[in-house]
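Enquirer: Okay, sequence plus prediction incoming.
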Amino acid sequence: MAWNIPRVHRNNHKAKSSTPTLSGDRDESFNDPRHQKIISNPNNDSPNRRAILLLAPILTITAPQVAHAGEVGARITRAVTQSDLGISVRKSVVRGAQVIDQVDGQWERFSDQFGLGAERNKQVGRPTPKVIPDPLPLDATTAKAILDITDGIFLSLLASTGIKRETLEAQINKVATLVRPSFERNNGDQQDLMLSASQNNIQTAAQFNFYSYVHFKAYSDLIIQQGKEFDFNAFRRSFEKQTGDQLVALLLPQDSERGKQQPKTELLLNAKFNQIEQLCQQLKQKGLLSLTERSEVDRESILDWIDDTNSLSFTLALDGDITLGSQMLLQEQGFRLYPDYPRFAVLSLLQNIEGQEAQIDDYYFDTDYNSDPDKFEVKEVVLSVVLDSV
């Protein structure tokens, strides 16, 4: 499937199988929960001016997007993603891409306003909007369990700082009081959130999105209070790994092989694909997602991966994620810790393949074509997964 879309947000995450914690990511130099946003256009089927301007420097610089195999590839990846020079170059590329994106968007609006060519969003041949159904009713028990999981992990990881549950609850209540009016206005139904005075009363998708934002914003607020000495990158790796592990245990309790290192085989890979499918089914049944779609992987690519001559790539499209609003809002506010629950769980499922590192880039898509970037509205998350040797 090709997306003809003005903009897409991308973030990068990794998990290694050879260690009990997740490896570093491309934001290692930022010891702060605030996040640098990356914007690109992945549309290769219908190239346009923005795609050429944005993708050219990014594809030239960001070596992790190129498939590498074995120790040499791993060294190259580390040099680009973790060295001071690599980090500095990527930051410059991101800033440049953002400026180009802004200028190009202004040109598109100018062209449409003064009739310098047909408005692309009004063309007859434009792509048909993707129909995304509403998710099933939210499973309130699962929703509360997820927030209990993240609260517990946060407190356990910050136990040495002296933060107690009472401190966390006070910060959660403070954030909830501050942002509730804005969420109620945007939600269009004030009663929906007002009926949920606490996370114990969560009944709807809007309430779960609200409290996911509130909890993760409270986590980041308390982390910032720890000062520059706090190792945020190590915290985030541990937080996302432990959250993913417990989400898998919650949604797939029958997974008895979880955490055990297993040799890289075609049989194991197919088992992982089946687990991901089961996870997606559970997320849909619990009312957390509407649709999911995994890309096919041809057998030749699988055999190359097994022979360690190439990495293995696939995508997982997630439509109707009920926490999209909180994810995007936290990232727009500059925070790097956000409630991407499906990604946490998928990373957990892929981290125990011997000698392999799982890396996920998450792309935020508007599935409706529109030439005006101001009308960009996220409706879909695509997880781009790469399994590579370490």
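Expert: Everything's here; your move. No experiment lies behind these values; they were computed from the predicted model shown.
Enquirer: Give me the below-cutoff pLDDT ranges for the stretch 101-250 of the chain.
Expert: 101-127, 188-199 (pLDDT under 70).
Enquirer: Tell me where it has helices.
Expert: Using DSSP state H, counting those that start in this stretch, the helices of the stretch 101-250 of the chain run over 140-157, 165-187, 190-194, 205-224, 232-251.
Enquirer: most neighbours per residue, which of these?
Expert: helix 205-224 (a mean of 23; mean count of other Cβ atoms under 10 Å). (C-beta placed from N, C-alpha, C; glycine too.)
Enquirer: angle of it against helix 140-157?
Expert: Here helix 205-224 points in a direction 0 degrees away from that of helix 140-157 (axes from the mean of the first three to the mean of the last three Cα atoms, to 10 degrees).
Enquirer: Make 4 the starting number, not 1.
Expert: Sure, I'll start numbering at 4, so the last one becomes helix 208-227.
Enquirer: And helix 208-227, what does it pack against?
Expert: Counting contacts by 3 or more Cβ pairs under 8 Å, 6 or more residues apart in numbering; DSSP states H and E, helix 208-227 is packed against helix 143-160, helix 168-190, helix 193-197, helix 327-335.
Enquirer: Keeping just the C-alphas, turn it into CSV.
Expert: Presented in CSV, the C-alpha positions along helix 208-227 are these (Å, rounded to 0.1, in the frame of the first residue of the first chain):
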residue,chain,number,x,y,z
ALA,A,208,-11.8,5.5,24.8
ALA,A,209,-11.8,9.2,25.4
GLN,A,210,-11.3,8.7,29.1
PHE,A,211,-8.4,6.2,28.5
ASN,A,212,-6.7,8.6,26.1
PHE,A,213,-7.1,11.4,28.7
TYR,A,214,-5.6,9.4,31.6
SER,A,215,-2.9,8.0,29.4
TYR,A,216,-1.8,11.6,28.7
VAL,A,217,-2.2,12.6,32.3
HIS,A,218,-0.1,9.7,33.7
PHE,A,219,2.7,10.0,31.1
LYS,A,220,2.8,13.8,31.5
ALA,A,221,3.1,13.3,35.3
TYR,A,222,6.0,10.8,34.8
SER,A,223,7.9,13.3,32.7
ASP,A,224,7.2,16.2,35.1
LEU,A,225,8.6,14.2,38.0
ILE,A,226,11.6,13.1,35.9
ILE,A,227,12.5,16.7,35.0
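Enquirer: which residues sit against the helix or strand containing Ala348?
Expert: Assessed by DSSP states H and E, Ala348 sits inside helix 344-353. If you take Cβ atoms under 8 Å, 6 or more residues apart in numbering as the criterion, helix 344-353 is touched by 16, 18, 20, 25, 149, 243-244, 246-248, 250-251, 254, 261, 275, 278-279, 282-283, 286, 291-292, 319, 321, 324, 326, 359, 361, 363, 365, 384, 386, 388, 390.
Enquirer: Can you list which of those are found in helices?
Expert: 149, 243-244, 246-248, 250-251, 254, 275, 278-279, 282-283, 286 (DSSP state H).
Enquirer: any idea which of these is the one closest to Phe157?
Expert: Thr246 (9.3 Å; Cβ to Cβ).
Enquirer: so that closest one touches Thr153, yeah?
Expert: Yes. Thr246 lies in contact with Thr153 (Cβ atoms under 8 Å); the separation is 5.8 Å.
Enquirer: count of neighbours near Thr312?
Expert: As a burial measure, Thr312 scores 12 neighbours (other Cβ atoms under 10 Å).
Enquirer: ok so it is a strand residue?
Expert: No. Thr312 sits outside any strand when classified using DSSP: H, G, I helix; E, B strand; the rest coil, being coil.
Enquirer: about what we covered before: of all the helices and strands packed on helix 208-227, which lies closest to Asn212?
Expert: helix 327-335 (5.0 Å).
Enquirer: what would the helices of the stretch 104-253 of the chain look like in a markdown table with distance to Asn313?
Expert: A markdown table is the format used below for the helices of the stretch 104-253 of the chain (distance: least, Cβ to Cβ, whole Å):
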| stretch | distance to Asn313 |
| --- | --- |
| helix 143-160 | 35 |
| helix 168-190 | 45 |
| helix 193-197 | 49 |
| helix 208-227 | 36 |
| helix 235-254 | 26 |
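Enquirer: contacts for stretch 298-309?
Expert: For stretch 298-309, using Cβ under 8 Å, 6+ apart, the contacting residues are Lys267, Thr268, Glu269, Leu272, Asn313, Ser314, Leu315, Ser316, Phe317, Thr318, Leu319, Leu390.
Enquirer: Tell me the buried residues in it?
Expert: Val300, Ser304, Ile305, Asp307, Trp308, Ile309 (16 or more other Cβ atoms under 10 Å).
Enquirer: if you look at these, which of them are in strands?
Expert: Counting by DSSP state E, no part of those is found in strands.
Enquirer: got the helices and strands packed on helix 208-227 as a markdown table, with distance to Lys231 columns?
Expert: Below are the helices and strands packed on helix 208-227 laid out as a markdown table (distance: least, Cβ to Cβ, whole Å):
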| stretch | distance to Lys231 |
| --- | --- |
| helix 143-160 | 18 |
| helix 168-190 | 20 |
| helix 193-197 | 35 |
| helix 327-335 | 21 |
